[in-house]
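Student: Here's a sequence, model it:
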Amino acid sequence: MAKLIIVESPTKAKTISQFLKDDYIVEASYGHVRDLPKKSLGIDIENNFKPKYVVFRKNQKRITALRKKAKMAEIVFFATDEDREGEAIAWHLEQILKLPPQRTKRIVFHEITKEAILNALKNPRQIDIHLVNAQQARRILDRLVGYKLSPFLWKKVAKGLSAGRVQSVAVRLIIEREEEIKNFVPQEYWTIEAEFLDKNSEKIKAILSQIDNQKLKKLDLKTKKEIEEIIDDLKKRKFQVLKIEKKETKKNPPPPFTTSTLQQMANNKFGFSAKQTMMIAQQLYEGLKIGKFGRIGLITYMRTDSLNLSDKFLKEAKKYIQDKFGEEYYPEKTRRYKTKRKGAQEAHEAIRPTNINFKPEEIKEYLDKNQFKLYQLIWQRTLASQMKEAIIENTIVDIESLPKKYIFRATGSIIKFDGFLKVYPTKTEEHILPSLEPLTPLILKNVLPQQHFTQPPPYYTEATLIKTLEEYGIGRPSTYAPIISTIQERKYIIKEGKLLKPTELGILVNRILVEHFPKIVDYQFTARLEEKLDMIANNKIDWVKVVRDFYQPFNKILEEKYKELSKKELTEEKETDEICPLCGHHLVIKMGRYGKFLACSNFPQCKFTKPLQKSLKIECPACHQGEIVEKKTKKGRIFYACSNYPKCKFALWQKPTGEKCPLCGSLLVYGPKGTIICSNKNCSYKKEDKEDKN
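Tutor: You can find the predicted model right below:
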């Protein structure tokens, strides 16, 4: 009789099957085979929160096929991913296939290679019910919040709204950041850079760092008048080198990637969304056809918060570094990294290449553009993590005025030994200063004052949001990408370029949750709940107790809020001066699933509605009849168009300032990184935005 191995995806099945003899059959379950029902709560609250799982119709055929093969098999191996989600899929399969425990085994591996699969088959275990319970508890908690709180929002705010346990916390972070930005008051400050020439006419750039033996702080130079007085004084003085300091610093390599750091780096470097990064990483993990090697998994499991690397890989990396770069590039001791993150235990290894000898450039022809980018990033980072530190020589030159009052500081750096930078370049740049000695006279060539304004904290990007969620202990490796996707799908957050910004709807729902269900969006409470889920996985606490302790106070508050809060109170409907064209009543501003809109105050007798357009009070430069208003695409992306759109086709993606370009007369718009640019793509006009609306 053959042995049956069940995995989640057909790609994974194909890769594994090529490593095994004919007495093994590898089949795919196509992900989760059953779940809580879509149209009902599916949890028996009175019976210890017992879940009622259903097999979806689309999965019935697959289950029938798996049952047939399982019935014929000598033994069934569940080879789903090694995390709570994978353990739960294995458990669901065991339940559905109705197999006795003696005929089932659970195998786990971090990489899909022949050696890893054969080793896993030699070391099977039983399904870990504690991991299953941790996943069930998360699913049940999320279902209770979603199915209990969402109807409250439908009744009190607008139909179609929903609230998620962890997603709501992410929305709150984004909203609070926008509030910080809006409330930020910029402060003016100045810096003075000077250009000096030595006897060989070599240029040295230096920043004013001291006045009258007092070190200058960031905001010490506040006004243009103050700067002009200093510049006048500088022009009357001579200058010489006061002192020169040289010191070596060591720059250590970064650790290998975890899920979080890979998502952050891929977002920063390539603009990949968290969802996109995980999709590409899944392809690299499950296996691609690599020429004569056949189908092989190129990276280890990509949902992990561990920084550990296997002893086998460490030996291979050591040999590769010594052979390719020389002994001097390998440190005296093997580098091992430990995560500082509490509860990091979902997997046993960081994300790494399965074979360090698969150099990215050499297998590039077998990968698509994005697969290559991500694989190269992982390969370089993992190899760099095992290399010697870079050695940087920093030079600090202090230049004094005569008579002594001012000190300027010039800094230079050279890379004395590149170490890990050889394979993983960072922003380490060399800046070479000319050869100087103390008391060397210098000529002041130019004084370059620069006006600055303090900047508000930046909007979150996917990368910085993931980093913050991880710092708070909210979410786990498998949840970061779904969190970010969900809050955008619900129209609570929109993406402008890389920036995550809240919608009016998101702000309203967040305000309701913060005011009336504070625990749902409390950072510490959510993080503690994550810790309890980890405790369930480690058999240190009962999952029913965790769910009950959450649900009972939550449900009590929910019942109270149903009674005491009205829809009008929550949505603050406002009457306008505009008259309904159908019945003559005033129109009111209402909140719907897609944001604010105008509706007749005589509802439900009159059902007139129309979009609420936020005017920028700027005349349309195309038709000169309408004015520029803020609009949204079907996906929730904001753009700016004529109020007569689409009759008048004028539209812009960037927000107009209201000013016209001095070069071509087109509207100016807010550009990237605090700039104002011309909306005409053929015009090069650009200036700094001192108020920095973005």
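
Student: Quick check: what element follows the lengthiest helix in the chain along the chain?
Tutor: Taking DSSP state H as the criterion, the chain has its longest helix at helix 129-156. The helix or strand immediately downstream of helix 129-156 is helix 167-183, counting by DSSP states H and E.

Student: mind listing what's buried in the longest helix of the chain?
Tutor: Residues 130-146, 148-149, 152-153, 156 are the ones in helix 129-156 that count as buried (16 or more other Cβ atoms under 10 Å). Using the backbone N, CA and C atoms, a C-beta is placed for each residue, glycine as well.

Student: Check the secondary structure at the residue nearest to residue 516 when sequence neighbours are not counted for me.
Tutor: The spatially closest residue to residue 516, leaving aside those adjacent along the chain, is residue 561, at 5.3 Å (Cβ to Cβ, 6 or more residues apart in numbering). Classification of residue 561 using DSSP: H, G, I helix; E, B strand; the rest coil returns helix.

Student: what's the angle between the longest helix of the chain and helix 167-183?
Tutor: Taking axes from the mean of the first three to the mean of the last three Cα atoms, to 10 degrees, one finds helix 129-156 and helix 167-183 inclined to each other by 60 degrees.

Student: Tell me the helices and strands packed up against helix 129-156.
Tutor: With contacts taken as 3 or more Cβ pairs under 8 Å, 6 or more residues apart in numbering; DSSP states H and E, helix 129-156 sits against strand 43-44, strand 50-51, helix 84-97, helix 504-516, helix 523-537, helix 543-564, helix 567-571.

Student: now the angle from it to helix 504-516?
Tutor: Angle, helix 129-156 to helix 504-516, by the same axes, to 10 degrees: 110 degrees.

Student: check which helix or strand covers residue 576.
Tutor: Element membership for residue 576, per DSSP H and E: strand 574-579.

Student: Tell me which other helices or strands that strand touches.
Tutor: Helices and strands touching strand 574-579, by 3+ Cβ pairs under 8 Å, 6+ apart, are strand 586-592.

Student: Quick check: residue 141 touching residue 529?
Tutor: Yes. The pair residue 141 / residue 529 is scored as a contact, 7.2 Å apart, by Cβ atoms under 8 Å.

Student: which residues are in contact with both of those two?
Tutor: 165, 546, 550 (Cβ atoms under 8 Å, 6 or more residues apart in numbering).

Student: Confirm residue 363 sits in a helix?
Tutor: Yes. Checked against three-state DSSP, residue 363 lies within a helix.

Student: Hmm, it is touching residue 289, no?
Tutor: No. Assessed by Cβ under 8 Å, residue 363 is found out of contact with residue 289, at 10.4 Å.

Student: Which one of those two is surrounded by more residues?
Tutor: residue 363 (21 against 12; other Cβ atoms under 10 Å).

Student: Can you check the pLDDT for the more buried one?
Tutor: Reading off the confidence values, residue 363 has pLDDT 97.

Student: which one is it nearest to, not counting chain neighbours?
Tutor: Closest residue in space to residue 363, ignoring its immediate chain neighbours: residue 290 at 5.5 Å, by Cβ to Cβ, 6+ apart.

Student: domain ranges for the chain?
Tutor: Domain segmentation of the chain under automatic domain parsing yields 3-127, 137-183+461-567, 188-252+390-453, 259-385, 573-612.

Student: sec struct for the closest residue to residue 181 other than its chain neighbours, please.
Tutor: Among residues not flanking residue 181 along the chain, residue 456 sits closest, at 4.4 Å (Cβ to Cβ, 6+ apart). Here residue 456 is coil, with the state taken from three-state DSSP.

Student: Please report the distance of residue 456 from residue 180.
Tutor: From residue 456 across to residue 180, the span is 6 Å (Cβ to Cβ, to the nearest Å).

Student: what does residue 290 give?
Tutor: According to Cβ to Cβ, residue 290 and residue 180 sit 48 Å apart.

Student: same deal with residue 681?
Tutor: 33 Å.

Student: Which one's more surrounded, these two?
Tutor: Using other Cβ under 10 Å as the criterion, residue 681 and residue 180 rank with residue 180 on top: 12 against 8.

Student: Name all residues that make contact with the nearest residue to the more buried one once chain neighbours are set aside.
Tutor: With Cβ to Cβ, 6+ apart as the criterion, residue 180 has its nearest non-adjacent residue at 5.5 Å, and that residue is residue 457. By Cβ under 8 Å, 6+ apart, the contact list for residue 457 reads 177, 180-181, 184.

Student: go again using 10 Å as the cut-off
Tutor: Counting by Cβ atoms under 10 Å, 6 or more residues apart in numbering, residue 457 touches 177-178, 180-181, 184, 464.

Student: One more: residue 324?
Tutor: Neighbouring residues of residue 324 by Cβ under 10 Å, 6+ apart: 356-357, 359, 383, 422-423.

Student: Skipping adjacent residues, who's closest to residue 480 in space?
Tutor: Closest residue to residue 480 apart from its sequence neighbours, by Cβ to Cβ, 6+ apart: residue 466 at 4.9 Å.

Student: Tell me which other helices or strands the host helix or strand of the one you found touches.
Tutor: Residue 466 is located in helix 462-472, with elements delineated by DSSP H and E. Here helix 462-472 touches helix 167-183, helix 259-270, helix 274-286, helix 480-489, strand 499-502, helix 523-537, going by 3 or more Cβ pairs under 10 Å, 6 or more residues apart in numbering; DSSP states H and E.

Student: List the strands paired with the fifth one, with their directions.
Tutor: If you go by DSSP bridges, strand 499-502 pairs up with strand 493-496 (antiparallel).

Student: ok, back up a step: and the residue nearest to residue 480, how far is that from residue 432?
Tutor: Distance from residue 466 to residue 432, counting by Cβ to Cβ: 38 Å.

Student: of the two, who's got more company?
Tutor: Higher neighbour count among residue 466 and residue 432: residue 466, with 25 against 9, using other Cβ under 10 Å.

Student: That one contacts residue 484, doesn't it?
Tutor: Yes. Using Cβ atoms under 10 Å, residue 466 is in contact with residue 484, at 7.5 Å.

Student: Overlap in contacts, the two.
Tutor: Listed contacts common to residue 466 and residue 484 are 170, 263, 267, 274, 460, 475; contacts here mean Cβ under 10 Å, 6+ apart.

Student: Out of the helices and strands in the chain, which is least certain?
Tutor: Taking mean pLDDT, DSSP states H and E as the measure, helix 567-571 is the helix or strand of the chain with the lowest mean score, a mean of 72.

Student: Report all helices and strands that that helix contacts.
Tutor: Where contact means 3+ Cβ pairs under 10 Å, 6+ apart, helix 567-571 is packed against helix 129-156, helix 504-516, strand 586-592.

Student: Pull the CA coordinates from that helix and hand them back as CSV.
Tutor: Written as CSV, here are the backbone C-alpha positions of helix 567-571 (Å, rounded to 0.1, in the frame of the first residue of the first chain):
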residue,chain,number,x,y,z
LYS,A,567,-27.4,56.5,15.2
LYS,A,568,-27.8,60.2,15.1
GLU,A,569,-25.6,60.6,18.1
LEU,A,570,-22.8,58.5,16.7
THR,A,571,-22.8,59.8,13.1
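
Student: can you give me the helices for the stretch 201-350 of the chain?
Tutor: Assigned by DSSP state H, counting those that start in this stretch, the stretch 201-350 of the chain shows helices spanning 224-234, 259-270, 274-286, 311-325.

Student: got JSON lines for the ones you listed, with mean pLDDT and distance to residue 43 too?
Tutor: Listed next are those as JSON lines, based on pLDDT from 0 to 100; distance: least, Cβ to Cβ, whole Å:
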{"stretch": "helix 224-234", "mean pLDDT": "96", "distance to residue 43": "66"}
{"stretch": "helix 259-270", "mean pLDDT": "96", "distance to residue 43": "29"}
{"stretch": "helix 274-286", "mean pLDDT": "97", "distance to residue 43": "28"}
{"stretch": "helix 311-325", "mean pLDDT": "96", "distance to residue 43": "43"}
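
Student: For residue 32, find the nearest of these.
Tutor: Nearest of these to residue 32, taken as Cβ to Cβ: helix 274-286 at 15.1 Å.
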